[in-house]
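A.B. asks: pasting the sequence and the predicted coordinates here, then a few questions.
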Amino acid sequence: MIEQATRVFISYSWDSEKQKADVLALANELRVNWGVDAEIDQYVRAEPPYTPEQGWDLWMQEKLEWAEFVLIVCTESYKRRFEGKEEVGKGMGVSWEGTLIRQEIYNTQLKSTKFIPVVFSSTDLAYVPLVLRSKDIYSLENNESYKELCYRLRKQPIVIKPEVGEINLDLPSGLMFLPPSSQEKPRIVNTVINRRVFFSFHYQRDIWRVNVVRNHAKVKSGYQEAGYWDCSLWESTKRTGEISLKRLIDSGLQNTSVTVVLIGTETSERQWVNYEIEESYNRGNGMLGIYIHNIKNITGRTDLRGKNPFDSFIVEQPSRFAYMSKPQIRMSQIYPTYDWVNDGGYNNFSKWVEDAARAAGR
């Protein structure tokens, strides 16, 4: 069964050409990169007959009823029109949408979660209408806030709530009271920590070998894969620019504890692999590299050994005393590398991940 895209309507005022362009860019990115069915009036005005046959008033009403979520782009003029304080004849579209939105909020006794206030700049936070101030407000200039909004629109949790584990404690056979000094300590239960792992690699050349590593653990426990590795999503994101690519990578890194760099022949030369390594370091992830060139591809061939991408990064190490200069070393002196074939990756991968997480204090 194919999952249906979330239906989102964006309500905003035509404050300026820049405002219109920002809203169009937001709608485009939600549609292309996040799989959200975002709708704005500019899409209607771009194609014949350039205006809705039923008129703009009914079109707005239908879109508000159609949408699962309504993003309300708050600005000074939007607030004035939303609250019915605009001059007669100005901003009639927002005034009408505001009337419909207020009525629905009233009908639900303020319990509706459908209407989501957003701002392009934190300076517009003061212009969130009163009836929306008890809602979560998202600032689109903040990457974390924007990411939380997109997860909400996709109806996906940004934090994974783990199941409550079973605790196997020995229970006393009968009711009795023992003084504290004579009570036995409860038995310690060994548990497996489920690490969330981000894989960094060169898609075009290495995807066959990469999948050998990623798929081996589907029948094993000990870690959970994170990240977005759908080629069509990656290619569509590339067309929208560098900012969108960074957001995609940052989303994949969210809530991970370990980054595994799968090193092929050209991996160290890939711009976005280097970005993923840098961001993983900044987030405090544990890291390790695994050479995958010895894994045979679909034709039974191995590949050339590539350079260690950690050699390209020089980082500062904490000094013993504040007045001393901080020593600089290469990341390759900090993060270990292994060979999937020669070092027994199938049996040792979980241990490598656990060692990397513990070394980073994760």
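C.D. replies: Ah, there it is.

A.B. asks: mind checking what helix or strand follows the lowest-mean-pLDDT helix or strand in the chain in sequence?
C.D. replies: Ranking every helix and strand in the chain by mean pLDDT, DSSP states H and E puts helix 231-240 at the bottom, with a mean of 55. Using DSSP states H and E, the helix or strand that follows helix 231-240 in sequence is helix 242-253.

A.B. asks: by contact count, what packs against whichever strand or helix holds Phe199?
C.D. replies: Phe199 is part of strand 195-200 when elements are defined by DSSP H and E. Contact partners of strand 195-200 among helices and strands, from 3 or more CB pairs under 8 Å, 6 or more residues apart in numbering; DSSP states H and E: helix 203-216, strand 223-226, strand 258-263, helix 271-283, helix 345-359. For glycine as for every other residue, the C-beta is placed from the backbone atoms N, C-alpha and C.

A.B. asks: touching, Ile160 and Asn255? I think so.
C.D. replies: Yes: using CB atoms under 8 Å, Ile160 is in contact with Asn255, at 6.7 Å.

A.B. asks: need the residues touching each of these two.
C.D. replies: Arg196 (CB atoms under 8 Å, 6 or more residues apart in numbering).

A.B. asks: higher neighbour count, those two?
C.D. replies: Shown here are Ile160 and Asn255; by other CB atoms under 10 Å, Asn255 has more neighbours (14 against 11).

A.B. asks: and that one, what does it touch?
C.D. replies: Contacts for Asn255 (CB under 8 Å, 6+ apart) come out as Ile158, Val159, Ile160, Arg196, Ala226.

A.B. asks: please redo it, this time with the cut-off set to 6 Å
C.D. replies: Counting by CB atoms under 6 Å, 6 or more residues apart in numbering, Asn255 touches Arg196.

A.B. asks: what about it, which helix or strand?
C.D. replies: Here Asn255 is assigned to no helix or strand, by DSSP H and E.

A.B. asks: quick one on the thing from earlier: can you list the strands that the strand holding Phe199 pairs with?
C.D. replies: The pairing partners recorded for strand 195-200 under DSSP bridges are strand 223-226 (parallel), strand 258-263 (parallel).

A.B. asks: can you dump the C-alpha atoms of that strand in CSV for me?
C.D. replies: Taking C-alpha atoms only, strand 195-200 is exported to CSV below (Å, rounded to 0.1, in the frame of the first residue of the first chain):
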residue,chain,number,x,y,z
ARG,A,195,23.1,2.0,18.6
ARG,A,196,21.8,4.3,15.8
VAL,A,197,24.3,4.2,13.0
PHE,A,198,24.8,6.7,10.2
PHE,A,199,26.5,5.3,7.1
SER,A,200,28.6,7.7,5.0
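
A.B. asks: can you give me the mean pLDDT across stretch 14-29?
C.D. replies: The average pLDDT within stretch 14-29 is 90.

A.B. asks: the strands in the chain, which residues?
C.D. replies: Applying DSSP state E to the chain gives strands spanning 7-11, 37-39, 69-73, 115-119, 138-139, 195-200, 223-226, 258-263, 286-291, 314-316, 328-330, 337-339.

A.B. asks: strand partners (parallel or antiparallel) of the fifth one?
C.D. replies: Strand 138-139 has the following sheet partners, assigned by DSSP bridges: strand 115-119 (parallel).

A.B. asks: can you state the direction angle for the partner strand and strand 69-73?
C.D. replies: 30 degrees (axes from the mean of the first three to the mean of the last three CA atoms, to 10 degrees).

A.B. asks: by how many degrees do strand 115-119 and strand 7-11 diverge?
C.D. replies: 50 degrees.

A.B. asks: list the contacts of strand 115-119.
C.D. replies: Contacts of strand 115-119 (CB under 6 Å, 6+ apart): 69-74, 101, 125, 128, 132, 135, 137-140.

A.B. asks: from those, which single one is nearest His293?
C.D. replies: Leu140 (42.1 Å; CB to CB).

A.B. asks: OK, contacts around that closest one?
C.D. replies: Val118, Phe120, Tyr146.

A.B. asks: which among those residues gets closest to Thr302?
C.D. replies: Using CB to CB, the contacts of Leu140 come closest to Thr302 at Tyr146, 42.2 Å.

A.B. asks: the closest one - nearest residue in space that isn't next to it in sequence?
C.D. replies: Leu140 (5.3 Å; CB to CB, 6 or more residues apart in numbering).

A.B. asks: tell me the pLDDT of that neighbour.
C.D. replies: pLDDT at Leu140 comes out at 89.

A.B. asks: between the top helix by length along the chain and strand 115-119, how many degrees?
C.D. replies: Secondary structure assigned by DSSP state H gives helix 17-34 as the longest helix of the chain. Computed by the same axes, to 10 degrees, the angle separating helix 17-34 from strand 115-119 equals 120 degrees.
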